[in-house]
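>>> I would like the atomic coordinates for the input below:
(one chain, ligands or ions: 2)
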Amino acid sequence: MKTARHSRHVGSKWRKNEALLGSRKLRTYLPETRKFNRTNLELMLSKYKMVYVKPINGSFGRGVMRVDIKPSSGTRSYQYQLEKKTRVFTTIDDLYTSIQKHKLTSNYLVQQGIHLLKYKKRRFDLRVMVQRSPEKVWKSTGHIGRLGHPKKIVTNYHSEGKPMAIELLLSPYIKDPMRMKSYIQTLRNLGEDIANHLKKSFPGIREIGVDIGVDHNMHPWIIEVNTSPDPYIFNQLKDKSMYRTVIRYSRLSGRFKRKK
Ligand SMILES: Nc1ncnc2c1ncn2[C@@H]1O[C@H](COP(=O)(O)OP(=O)(O)O)[C@@H](O)[C@H]1O
Ligand SMILES: [Mg+2]
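Numbering: from 1, shown residues only. Ligands and ions are numbered 1, 2, ... in the order given. Prediction:
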C-alpha cells in the first residue's frame with residue numbers, strides 16, 4: 001500500500017522546507033521560514049523588513065501576501081499586499097488582525113522576503129524543472145522565467161504571470177553569453193541537488209519544479225519546491241525544444257497515464 005511518505009505529491013511547504021534544511025549546502029539557498037503567528041511575524045519583520053506570508057498548502061500564488069515596514073520618515077507603519085490591494089496600519093496588532101482575517105486557510109508560513117530582480121519594472125522569478133529519467137537519475141529538463149503582473153506580488157502563471165525565456169529576463173543583469181550559460185547551469189545543478197536530497201525524505205516524488213528567486217547579488221533563493229509542477233508553461237516559449245523534453249519525461253514517469 002502507498003503511504004503518504006511514498007506519494008508523488010507533497011503539498012506541505014513546511015515539510016519540504018524542513019527536509020531541505022537537513023542539507024548544509026542547500027540551507028544557504030533557503031530563505032528563513034517560520035510558522036505564521038503573531039510572535040514570528042514581529043520577529044521576522046524586525047529582522048528582514050519585508051516578508052512573505054503564505055499558505056502552507058497553497059498553489060497558484062493564491063492567498064500569498066507581501067508584508068513590509070513602510071519606508072517612511074517619522075512614524076513607522078506597516079503594510080501588506082494581497083492580490084492587487086495594499087492595506088496600511090500603524091501598529092503590528094492591527095496588521096496581524098487584518099492578515100488573520102484575510103488568510104485563506106488557517107496554516108500559514110512567514111518567510112524572509114527576497115527582493116526579486118525586475119524586468120521592465122515587473123518582478124520575476126525562475127522555475128527549474130527536474131525529472132527522473134528511466135535510469136532513475138534526476139535531470140534538469142527545463143528552465144523558464146515568470147514575469148509577474150505589474151500590480152501583483154506573485155509571478156505564477158495562474159496569477160497572470162507571463163512565462164518567458166530566462167535569458168531574456170536576466171539579460172540586463174548578465175551581459176556576457178558565457179556567464180549567462182554558466183549561471184543557468186548553476187541553477188540547473190541546484191535543481192538536481194534539491195531533487196536528490198528531497199528524494200530521501202519523500203521517495204515517491206518523480207518530478208519537481210523549483211521556484212527560484214534571484215536577488216541583486218545574483219544569489220539564488222529557493223522559494224518553494226513543487227512536486228506536481230505544470231509542464232505546460234514550457235509550451236508558452238517560442239522555442240518548443242524544452243517543452244518536448246519535459247513532456248517526454250512526464251510520459252516516461254507515467255504522469256499522464258493515471259488520468260483517464
Ligand atoms: N520569500 C519570498 N520572497 C519573494 N517572493 C516570494 C517569496 N515567496 C513567494 N514569493 C512570490 O510569490 C509566488 C508564489 O509563492 P510560492 O511560495 O511559490 O507559492 P505557490 O504555491 O502559491 O506558488 C512566488 O513565485 C514568488 O513570485
Ligand atoms: Mg510557486
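
>>> the longest helix along the chain: which residues count as buried?
Ranked by residue count and defined by DSSP state H, the top helix of the chain is helix 177-201. Applying a neighbour-count criterion of 16 or more other Cβ atoms under 10 Å, one finds 180, 183-184, 187-188, 190-195, 198-199 buried in helix 177-201. The C-beta positions use only the backbone N, C-alpha and C, and glycine is treated the same way.

>>> packing partners of the helix or strand that that helix is followed by?
Downstream of helix 177-201, the next assigned helix or strand under DSSP states H and E is strand 207-214. For strand 207-214, the elements it packs on are strand 122-132, helix 177-201, strand 220-226, judged by 3 or more Cβ pairs under 8 Å, 6 or more residues apart in numbering; DSSP states H and E.

>>> strand partners of the first one, parallel vs antiparallel please.
Strand 122-132 has its sheet partners listed here by DSSP bridges as strand 118-119 (antiparallel), strand 138-147 (antiparallel), strand 207-214 (antiparallel).

>>> now do it, average pLDDT.
What strand 122-132 shows for mean pLDDT is 98.

>>> other residues contacting stretch 189-201?
The contact list for stretch 189-201 (Cβ atoms under 8 Å, 6 or more residues apart in numbering) reads 15-16, 19-20, 22-23, 25-26, 29, 128-130, 132, 138-140, 205, 208, 210, 212, 220, 222, 225.

>>> so what's the gap between it and the chain middle?
Put simply, stretch 189-201 sits 15 Å off its chain's centre (Cα atoms, centre = their mean, to the nearest Å).

>>> again with stretch 29-42
Worked out by Cα atoms, centre = their mean, stretch 29-42 lies 16 Å from the chain centre.

>>> go on, stretch 241-251?
The chain centre lies 21 Å from the centre of stretch 241-251; the measure is Cα atoms, centre = their mean.

>>> and stretch 203-212, does that touch ligand 2?
Yes: using Cβ under 5 Å from the ion, stretch 203-212 reaches ligand 2 at Asp211.
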